[in-house]
Structures are given as structure tokens and as C-alpha cells.
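In: One predicted model, sequence on top.
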Amino acid sequence: MSKPFTARSYAFTEQGDALNWIGGKFVPAASGQTLPVENPRHARAMGRVVLSGPADIEAAVQAAHAARREWAAMPVRERADIFYRLKSLLLRDLEELAWLVSHENGKTYAEGRASVEKAIECVEFGCALGNVGAGEQLDVSRGVNCRVDHEPLGVVAGVSPFNFPLMVCMWMLPQALVGGNAFLLKPSEVVPFSAGRLALLVKEAGVPDGVFNVVNGGADAVNALCDHPSIKAVGFVGSTRVGRMVYARGSATGKTMLCLGGAKNHLMIVPDADRSLTSSNVVASFTGCAGQRCMAASVLLAVGNVDAILGDIVTGAGKIRLGEDMGAIISKAAFDRITGYIDDAERRGAKVVLDGRKAKGPDGGYWIGPTILDHCTRDMPSATEEIFGPVLSILRVKTLDEALAIENANPYGNAACIYTTSGAVANYATARLEAGMVGVNVGVPVPREPFGFGGWNHSKFGAGNMTGYDGWRFWTRPRKVTTKWAIQSDTTWMG
Ligand code: NAD
């Protein structure tokens with residue numbers, strides 16, 4: 001795990017074992033159990049990951065606890081300085097990390113690289129906290145001042161999903177560490193290798209041993225994090241099913257919890273939409289990362305006659321080359337789930353106008369080509385449930401209000417987008433969409449730093465957002481200090 005990743009192409013490359021990183025050392029898990037970690041492009045194990053339980057979480061909490069006071073005592077600007085160094089190390093190792101993300105996740109190299117660049121942007125926000133992380137203060141009456149200090153919580157933890165191995169860790173780490181906490185990261189057991197490389201970079205940047213720890217594993221490790229009384233907050237990113245459970249379990253022990261969940265993102269096209277911008281943007285939204293991102297387009301609501309644009313979407317998606325423009329599906333189980341949704345929609349009467357079920361990519365891995373299901377209906381699972389693959393379900397509607405009603409009725413609320421050239425239509429829709437992240441002619445409306453990333457409804461459990469200033473507020477607690485220093489005539493030495 002600790003060794004540098006040497007691949008600079010898609011050629012299959014082994015990486016060994018993903019161990020835990022506790023107190024500045026790689027260690028095996030107490031259970032002795034491991035799982036294979038597959039490179040999805042090759043459907044071949046590139047190593048194994050250890051499976052942690054309560055004993056490993058306890059060891060990591062001890063290490064974090066021992067390190068946290070000295071770390072918290074450093075001025076915030078010194079901690080931010082370390083993140084400047086981390087940024088330059090991430091830039092130094094960008095190629096290595098991009099290829100590692102690509103191999104463990106199945107993304108294309110370009111997508112792996114973009115995800116590392118986005119992780120670096122999150123680190124930059126951590127650097128900025130040395131300046132913009134100041135608390136507020138005000139003289140609230142004569143001689144009396146109120147001030148807010150952002151204090152660390154202590155030992156905190158983050159749990160991440162498979163689809164962005166390094167990037168999602170960085171949604172949490174900068175604010176949590178610059179905020180003065182000691183951190184336990186539980187990466188997805190499906191993609192554990194980037195976290196191990198990150199641990200070494202965090203150490204090289206100057207973070208003391210024990211301040212950042214990695215505990216690998218699955219549900220047992222997450223449950224132990226939720227149950228541990230010394231862990232004060234948990235950030236989680238993953239599916240709605242698991243996010244809801246983790247939120248309830250962690251809250252029950254009094255932790256501050258923020259759990260981002262799954263998505264079913266609706267895009268709406270109205271007749272005045274720009275033909276070329278809209279078609280290329282929709283294709284990028286539902287095929288990027290092979291549809292395995294919480295911001296991917298999933299349902300397309302075609303308002304009125306937009307057939308020319310739909311035709312261009314089918315043509316554009318049909319040109320995508322597997323393995324070059326689009327990466328692999330994460331696992332055989334994901335392949336079966338995604339093709340199951342397509343089969344089901346076809347049986348229920350949807351027209352498969354682009355069929356990726358039999359598409360073959362290179363290297364023998366798990367591949368599904370872009371798939372478009374036209375004339376879907378509101379009751380089809382493909383139109384209502386998260387598929388998490390490169391599948392676009394088109395519903396034909398007559399009016400914008402009908403489209404909005406369908407979007408509003410779906411229980412998720414991560415992202416939505418309207419394609420139009422009319423400001424009035426854009427304003428009408430953005431004010432009515434039930435989604436935390438809304439795009440106008442932007443099919444993947446990710447709020448870049450310093451804006452906070454987070455959805456609504458069943459796409460998020462907890463208050464606030466994961467990134468930006470909200471992340472800073474989540475990983476710190478405000479201490480309100482009221483002081484009175486002025487000499488006042490109505491008080492005496494005794495009173
Ligand atoms: P997942 O929910 O299966 O796993 C997420 C994390 O939870 C992993 O670390 C995993 O080990 C752990 N986990 C799995 N089962 C558990 C259980 N029973 N109890 C406790 N912990 C458990 O998600 P995934 O398949 O890794 O990722 C894909 C999902 O994540 C999709 O639903 C996607 O929409 C969502 N996602 C959401 C966002 C967002 O910002 N809202 C971002 C990325 C991914």
C-alpha cells in the first residue's frame with residue numbers, strides 16, 4: 001500500500017495490500033480478514049484491503065486522541081500552512097494519483113486527473129482558512145464585547161463512497177484538519193488505495209502522526225465509528241439507504257452528523273433551448289464517470305417538441321468510445337443492477353433508442369455503453385430509482401409545469417437542470433425545482449469552492465453542506481466569549 005503507484009497507462013498493475021494507517025504507521029486489521037480490490041477495467045484484483053472492526057477503530061481513536069491537543073494548540077495559520085505544502089505535494093504527484101484513481105475506480109485517465117484537480121481545489125479552501133477562518137466579534141454595549149471562536153471538536157471521522165476515491169475525502173479533510181481536529185478516514189473498501197497514498201502525503205506535508213488516520217473496511221468499521229463515544233462528528237457520503245442508517249446510528253450517540261446520500265437528477269429541455277449546447281451537455285452529464293456520480297443526469301424531461309435535440313443526444317452518445325471517452329462500471333454486481341433496470345424498462349414499454357447492454361470495452365472489464373430509454377413513464381423504476389450507470393430515461397411532457405411536478409415528486413433532491421435560452425423560464429424553473437444544486441444550461445451543477453456541496457430531501461441527512469464555509473462550520477464548534485474590560489463607574493472592586 002505504501003509503495004508508489006507506477007502505472008502511467010491502463011496496463012494492469014498490481015498495488016499490494018491496503019492496510020490501515022494509524023499513528024503514522026501502516027498496520028494490518030485486528031480481524032486478519034481481507035477483501036480483493038478489483039481494477040474494474042480489467043476485472044482483476046490489483047490487491048487486497050483489510051477489514052477493520054471495533055478494535056481497529058479503538059486503536060485509531062487512541063492515536064488521534066494522543067495527537068489532537070498539540071495539533072489543536074497550533075495557530076490556525078500554521079495548520080493552513082501545512083495545507084499549502086500538501087497542495088504542492090498533490091501537484092507534484094498529480095500523474096501518479098490520477099492513474100491510481102483511474103485503476104482502482106475504472107475512470108478514464110482524464111476523469112481521474114480532473115477528480116484529483118478538484119481535490120486540490122478543496123485543499124486550497126483549507127489553505128484559505130488561514131485568512132478567512134476568522135471568527136466574528138462586536139462591541140455589543142459599552143465596554144462589553146462578544147466574540148466567536150471556531151474551536152475544534154476533537155476526534156472526528158469521515159466515510160467516503162467508491163465513485164471519487166480521493167476527491168470526496170478532500171471534501172472533508174481540509175476543513176476538519178485546519179479546524180484543529182484529529183481525523184479518522186474510512187474510505188470505500190472498493191477503492192482503498194488513494195487514501196493510503198494520501199496518508200503519506202499528509203505526513204510529508206507536516207501533519208503530525210496520529211492527526212490523520214485511515215481505517216479500512218466496510219459496514220463493521222462504519223458502525224464502530226458511529227458507536228465510539230470519543231468520536232464527536234461523522235461526515236458521510238454514499239447511498240441514501242446507508243446514509244440514512246449511519247445518520248441515525250451516529251446521532252443516537254450524540255454526534256454531529258452530516259450524511260450526503262444518493263440522487264435521481266432530472267434535466268428539463270424546453271423548445272427554446274440551444275440545440276448544440278444542450279445536446280453535448282446532456283451527453284456529458286449522463287455518460288461522465290459512466291453515470292457513476294451523484295450529479296449525473298438520470299431523467300430527461302422533454303417539454304413539447306424537442307425532437308431535434310433528442311436526436312442529437314442519441315447521435316452524440318452513440319459516438320462515445322468505451323475505454324477512451326468513458327470508463328468502466330465498478331463491478332459485476334453494478335453491471336447486473338444497471339442492465340436489470342434497462343431490461344425492466346424495455347419490458348414495461350420503454351423504447352431503447354441507444355442500447356449499451358452488449359457494448360464491449362477493452363481489457364475484459366465491466367462495460368456498459370451509453371443507453372437511452374425513450375417514452376418512459378412515471379411508474380417505471382428506471383424513471384424513479386437511482387440507477388448509477390450511463391442510462392438516460394426520457395419522459396415526454398407537454399408543459400414545463402408538468403415537468404416540474406414530476407421532478408418535485410421524486411424523493412431525492414441532489415441536482416436538477418433546465419436548458420433554455422429564456423431568462424424568465426430559467427428563473428421560473430430554478431425557483432421551483434426541489435433540488436439543492438440547480439443548473440441553468442449546466443448538466444452537472446457542482447458548486448465550486450467556496451460554495452457548499454449538498455442536496456436536499458432524501459439526498460442529505462443533517463444540516464448544512466459538506467464543502468465550503470459550511471464544512472468549516474460543521475467541523476468546528478463556535479465558542480461565544482463575552483468580555484467586559486472597561487472601568488465602569490457603577491461597579492466597585494467587590495461587585
Ligand atoms: P455506499 O452507501 O454503498 O457506501 C458508502 C460508504 O458506506 C462506504 O465507505 C461503505 O463501506 C459504507 N457502507 C456500505 N454499507 C454500509 C452499511 N450497511 N453500514 C455502514 N456503512 C456501510 O455507496 P457507494 O456504492 O460506495 O457509492 C455510491 C453512492 O454514493 C450512490 O448512491 C451515490 O449517489 C452516492 N454519492 C453521493 C454523493 C453526494 O454528494 N450526495 C457523492 C458521491 C456518491
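Out: It's in.

In: doesn't Asp374 make contact with Val353?
Out: Yes - here Val353 lies in contact with Asp374, judged by CB atoms under 8 Å, at a distance of 4.8 Å. (Glycine included, C-beta is placed from N, CA and C.)

In: who's in contact with stretch 35-45?
Out: The contact list for stretch 35-45 (CB atoms under 8 Å, 6 or more residues apart in numbering) reads 10, 12-13, 15, 18, 46-49, 51, 103-106, 189-193, 218, 323, 327-332, 361-366.

In: Quick check: mean pLDDT of that stretch?
Out: Regarding stretch 35-45, the rounded mean pLDDT is 98.

In: so which of the contacts of stretch 35-45 also contact the ligand?
Out: On the criterion CB under 6 Å from any ligand atom, Glu189, Gly218 are the entries of those that sit beside the ligand.

In: Can I have the buried ones of the contacts of stretch 35-45 as a ChimeraX selection?
Out: Selection of buried members from the contacts of stretch 35-45 for ChimeraX, criterion 16 or more other CB atoms under 10 Å:
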select :10,13,15,18,46,47,48,49,51,103,104,105,106,189,190,191,192,193,218,323,327,328,329,330,331,361,363,365,366
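
In: Spell out which parts of the chain neighbour the ligand.
Out: Contacts of the chain with the ligand, taken as CB under 6 Å from any ligand atom, map to 159-163, 168, 186, 188-189, 218-219, 222-223, 237-239, 242, 245-246, 260-263, 294, 386, 388, 414, 455, 459.

In: what about burial for the residues you listed, which qualify?
Out: Neighbour counting with 16+ other CB under 10 Å marks 159-163, 168, 186, 188-189, 218, 222-223, 237-239, 242, 245-246, 260-263, 294, 386, 388, 414, 455, 459 as buried within those.

In: Give me the subset of these lying in helices.
Out: Secondary structure from DSSP state H places Val168, Val222, Asn223, Val242, Met245, Val246 of those in helices.

In: What is the most widely separated pair among those residues?
Out: Checked with CB to CB, those reach their widest spread between Val168 and Asn223, with 19.8 Å between them.

In: measure Val306 to Thr430 for me?
Out: Note on Val306: its distance to Thr430, by CB to CB, to the nearest Å, is 19 Å.

In: Actually, Ile368.
Out: 32 Å.

In: same check, this time on Val242
Out: Using CB to CB, Val242 is found at 30 Å from Thr430.

In: residues contacting the residue in the chain that the ligand sits nearest to?
Out: Ranked by CB to the nearest ligand atom, the top residue of the chain for proximity to the ligand is Gly238, at 2.6 Å. For Gly238, the contact set (CB under 8 Å, 6+ apart) comprises Val159, Ser160, Pro161, Ser188, Val246, Cys259, Leu260, Gly261, Gly262.

In: The last one contacts Asn410, doesn't it?
Out: No - using CB under 8 Å as the test, Gly262 is too far from Asn410 to be in contact (11.3 Å).

In: following the helix or strand hosting Tyr469, which helix or strand comes up?
Out: Tyr469 belongs to helix 468-474 when assigned by DSSP states H and E. In the C-terminal direction, the helix or strand that comes right after helix 468-474 (DSSP H and E) is strand 476-484.

In: So for that next one, what gets flagged as buried?
Out: Residues Thr476, Arg477 are the ones in strand 476-484 that count as buried (16+ other CB under 10 Å).

In: Pairing partners for it, with directions?
Out: Paired neighbours of strand 476-484 in the sheet (DSSP bridges): strand 144-152 (antiparallel).

In: re the thing from before, okay, Val306 and Thr430: which has more neighbours?
Out: Each of Val306 and Thr430 has its neighbours counted (other CB atoms under 10 Å); Val306 has more, 24 against 15.

In: That one against Leu267, yeah?
Out: No - with contact defined as CB under 8 Å, Val306 does not reach Leu267; the gap is 11.3 Å.

In: Report the beta-bridge partners for Ala416.
Out: Residues in a beta bridge with Ala416, per DSSP bridges, are His266, Val438.

In: who's in contact with it?
Out: Asn265, His266, Leu267, Met268, Glu407, Leu433, Glu434, Ala435, Met437, Val438, Gly439.

In: ok, the second one to Glu407 distance?
Out: The reference is to His266. With distances taken as CB to CB, His266 is found 4 Å from Glu407.

In: which residue packs closest to the residue positioned nearest the centre of the chain, ignoring adjacent ones?
Out: In the chain, the centroid-proximal residue (CA atoms, centre = their mean) is Val168; its distance is 4.1 Å. The shortest distance from Val168 to any non-neighbouring residue, by CB to CB, 6 or more residues apart in numbering, is to Ser160 (4.3 Å).

In: hmm, back to that, how far out from the middle of the chain is the helix holding Tyr469?
Out: Using CA atoms, centre = their mean, to the nearest Å, the mean C-alpha position of helix 468-474 is found 15 Å from that of the whole chain.

In: Quick one: list the elements packing against it.
Out: Packing partners of helix 468-474 (3 or more CB pairs under 8 Å, 6 or more residues apart in numbering; DSSP states H and E): helix 109-132, helix 167-178.

In: Which stretches in the stretch 251-400 of the chain count as helices?
Out: Secondary structure of the stretch 251-400 of the chain (DSSP state H, counting those that start in this stretch): helices at 275-287, 307-318, 332-347, 381-384, 400-409.
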